[in-house]
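Q: The sequence isn't on hand, but the structure is:
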């Protein structure tokens, strides 16, 4: 390989490119004879060959052997950190393929041990476009891998130029080890003429689409744990700080009343999937993707893509270069991570009688009780007045009768008594 790379210059003819490609395929044919140290030189050789192929207009179908060389060294690369370089080489190959397709042509698909790719040239006959990673012949025959990594996008029919989209899925075993739990194989989405993609929603500030990542690991069901502390008059002056260690994440939640009276409640971070971008250094970074949904078999996100050159210092020429200038590339992977809830900490204060709202409520209650008592006092006074008045009337009648009897006795008149 060292001598092969030392001879590599920009080939001046298609025949020379094909000859060197055949030599490289022979060198990398036996996977069990390859070592990790061969990964870098082989990828460098493939990159130089692809540069020469694009310069000389070599057909993409004649470069499948070169792609097979990449797949072979990927089998021995493991987590050696070659993912960024590998992705660059694969997007270089799909750029060549995309430049040679015409609108409406059947997708160019490649299915290998560690790499699956699909390159499409969309003619815009259907506004809604669904593209997925290809299946192997056995998977189709036995109806396995029903859920595949895929992209849903809306074609902008007002754009005259065709839209070219490539999907590249590589094995997750090529990723470097990390503390995150990887749920899916990395999926690279390469788009030329991104202006041909419409926004999937009105709030998006760039062309966007829906990405489905096939899970290779069933995500853990998130458990919501919370920690509650009641701050009362006894504890409000306490300097003791209460704490709780969250299960799984190990995050420690702290509570201190600090003179407040009420209820403090905190929630532990939850473990759930997210769509992360893989940087050129192989690190996971937050992306322009928003998690829409996830199940045991797939993770669905909405992603925005911006126009960036994909050449990364390599000299793609002719039509490939013009496509790359309007291209956007992102490599995504679904991972499980602890996500802090939006309502991490809440504090419900005890009601205060001094607030204007509570003062109004208290006055309302006082007025209501005063009205009821006043009505009751009026009823009692009225009843008492009737009783007293009745006794006065009875007394008047009795006094009048006694007066008549006295008058009758004095006059001794029977008629008067009557």
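A: Nice, thanks for sending it over. Note that the coordinates shown come from a computational prediction; the quantities given were computed from them, not determined experimentally. Numbers count the residues shown, from 1 in each chain.
Q: which residue packs closest to residue 29, ignoring adjacent ones?
A: Closest residue to residue 29 apart from its sequence neighbours, by Cβ to Cβ, 6 or more residues apart in numbering: residue 72 at 7.3 Å. To be clear about C-beta, it is placed using only N, CA and C from the backbone, and glycine gets the same treatment.
Q: What of residue 110?
A: Using Cβ to Cβ, 6+ apart, the closest residue to residue 110 is residue 117 (4.7 Å).
Q: hang on, that neighbour in a helix?
A: No. If the criterion is DSSP: H, G, I helix; E, B strand; the rest coil, then residue 117 is strand and not within a helix.
Q: so who does the residue nearest to residue 90 when sequence neighbours are not counted touch?
A: Excluding the flanking residues, the one nearest residue 90 by Cβ to Cβ, 6+ apart is residue 168, at 5.0 Å. Residues near residue 168 by Cβ atoms under 8 Å, 6 or more residues apart in numbering: 87, 90, 91, 94, 115, 116, 117, 187, 188, 190.
Q: For residue 399, the count of nearby residues, please.
A: Using other Cβ atoms under 10 Å, residue 399 has 10 neighbouring residues.
Q: actually residue 33, not the one I wrote
A: With other Cβ under 10 Å as criterion, residue 33 counts 11.
Q: Same question for the one 4 residues further on.
A: In terms of burial, residue 37 registers 10 neighbours under the definition other Cβ under 10 Å.
Q: Could you check the pLDDT of it?
A: As predicted, residue 37 sits at a pLDDT of 84.
Q: helix/strand/coil for residue 129?
A: Applying three-state DSSP: residue 129 is strand.
Q: What distance do you get for it to residue 104?
A: Distance, residue 129 to residue 104, using Cβ to Cβ, to the nearest Å: 12 Å.
Q: Pick out whichever of those two has more residues nearby.
A: residue 129 (19 against 12).
Q: OK, contacts around the more buried one?
A: 122, 151, 152, 153, 154, 155, 163, 165.
Q: And the fifth one, how far from residue 305?
A: Using Cβ to Cβ, one gets 13 Å for the distance from residue 154 to residue 305.
Q: Same question for the third one.
A: Shown here: residue 152 relative to residue 305, a distance of 13 Å by Cβ to Cβ.
Q: can you check the last one too?
A: With distances defined as Cβ to Cβ, the gap from residue 165 to residue 305 amounts to 10 Å.
Q: who's residue 274 bridged to?
A: Here residue 274 sits in beta bridges with residue 335, going by DSSP bridges.
Q: which one is residue 120 nearest to, not counting chain neighbours?
A: Closest to residue 120 by Cβ to Cβ, 6+ apart is residue 107, at 4.6 Å.
Q: Tell me which stretches of the stretch 1-150 of the chain form strands.
A: With strands called from DSSP state E, counting those that start in this stretch, the stretch 1-150 of the chain shows them at 108-111, 115-122, 128-132, 150-154.
Q: Do you know the pLDDT at residue 100?
A: 93.
Q: Just give me the neighbour total for it.
A: 17.
Q: how close does it get to residue 121?
A: 9 Å.
Q: quick one on the thing from earlier: quick check, the residue nearest to residue 110 in contact with residue 170.
A: No. Judged on Cβ atoms under 8 Å, residue 117 makes no contact with residue 170 at a distance of 9.2 Å.
Q: list the residues that contact both of those two?
A: Joint contacts of residue 117 and residue 170 (Cβ under 8 Å, 6+ apart) are residue 90.
Q: Can you find the helix or strand of this structure with the lowest average pLDDT?
A: None of the helices or strands of the chain scores lower by mean pLDDT, DSSP states H and E than helix 318-325, at a mean of 39.
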